[in-house]
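Peer 1: Provided below are the primary sequence and the corresponding predicted coordinates.
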Amino acid sequence: MKRERAIFVLDVLDDAGFAFEADDLAQAEEYARASWFLRSVGRFFLRHGRACQGGFASRARPASETEAATYRRLADEFAETSGCFFVAHVGPHWH
């Protein structure tokens with residue numbers, strides 16, 4: 001039986017968080033510092049008409065139970081993208 005990977009969060013402005021899976025905290029921090037990851041999060045902000053001027057947290061952190069549950073629910077909805085690196089916005093809802 002395959003072990004379920006841990007869920008981690010990169011915190012951004014206004015308590016927005018982006019959850020993703022990783023094997024451990026070191027790997028999560030590596031992902032969170034990667035230029036491709038930071039560009040993707042920046043594009044999310046632009047699509048929602050917001051600037052990301054305050055920046056990102058310097059480190060990823062383990063997701064809370066609520067954040068992990070939200071991530072897993074969304075990941076299940078998008079299961080057909082299983083070959084992709086899935087990141088879920090688990091912060092406040094923006095319009």
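Peer 2: All right, it came through fine. Residues are numbered from 1 along each chain as shown.

Peer 1: Find the residue ranges of this structure scoring beneath the pLDDT cut-off.
Peer 2: Counting by pLDDT under 70, the chain shows low-confidence ranges at 1-3, 13-15, 49-58, 79, 81-83, 92-95.

Peer 1: and stretch 12-26, which residues are buried?
Peer 2: 12, 16, 17, 18, 19, 20, 21, 22 (16 or more other C-beta atoms under 10 Å). Any C-beta I mention is one placed from the backbone N, CA and C, and that applies to glycine too.

Peer 1: Among the residues you listed, which lie within strands?
Peer 2: Applying DSSP state E to the buried residues of stretch 12-26, the entries found in strands are 17, 18, 19, 20, 21, 22.

Peer 1: Could you check how far the nearest residue to the fifth one once chain neighbours are set aside is from residue 88?
Peer 2: Setting aside the residues directly before and after it, residue 21 is nearest to residue 5 in space (C-beta to C-beta, 6 or more residues apart in numbering), at 4.2 Å. Separation of residue 5 from residue 88 (C-beta to C-beta, to the nearest Å): 14 Å.
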